[in-house]
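Colleague: Build the 3D model from these lines:
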Amino acid sequence: MRIQTFALIFGIAFLVVGVAGFIPGLSTPLEHPGLTVEAASGHLFGLFPVNALHNLVHIAFGVWGLVAARNLAASRLYGRVVAVAYGALTVLGLIPLANTVFGLVPIYGHDIWLHALLAAVAAYFGFLHREGEAHVARA
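Modeller: From the prediction side, this is the model:
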């Protein structure tokens, strides 16, 4: 798969999930005493804890992915940032005092393994996949 295709797919997925988090009926109630931002809070699809800020972050990463998909270098940078950011979110989700990012965004439960998976895929495309370098070396 091309790096730009990766950015496009991730962009679409993040955008869809971000919007889905705001659609009533797609989330079950979420009660977490450490969460200060309760707007649009719930378990998306009954599994993933989200709130309005979490949804907005997904939408931002989605729009960025769609824009980055136009260019190889931008797609690679997108992969690297997604890998580092979601890797950090995975670690934060494992720490009980930090798993709401200071009360702003819930990142625990099923979010942990999903963030780890997203980080691993993005790390491959951002850091390991070597598309385009052979062409650059010949030029």
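Colleague: Scan this structure for its longest helix.
Modeller: As assigned by DSSP state H, the longest helix anywhere in the chain is helix 72-94.
Colleague: buried ones in the helix or strand just after that helix?
Modeller: Per DSSP states H and E, the first helix or strand lying C-terminal to helix 72-94 is helix 110-123. By 16 or more other Cβ atoms under 10 Å, the buried positions in helix 110-123 come out as Asp111, Ile112, Leu114, His115, Ala116, Leu118, Ala119, Val121, Ala122, Ala123. (Each C-beta comes from the backbone N, C-alpha and C, glycine too.)
Colleague: residue contacts, the closest residue to the fifth one other than its chain neighbours?
Modeller: Okay, so that is Ala116. Distances taken as Cβ to Cβ, 6 or more residues apart in numbering place Thr90 nearest to Ala116, at 4.5 Å, with adjacent residues excluded. Thr90 makes contact with Ile112, His115, Ala116, Ala119, according to Cβ atoms under 8 Å, 6 or more residues apart in numbering.
Colleague: can you rerun that using 10 Å?
Modeller: Neighbour list for Thr90: Ile107, Asp111, Ile112, Trp113, Leu114, His115, Ala116, Leu117, Leu118, Ala119, Ala120 [criterion: Cβ atoms under 10 Å, 6 or more residues apart in numbering].
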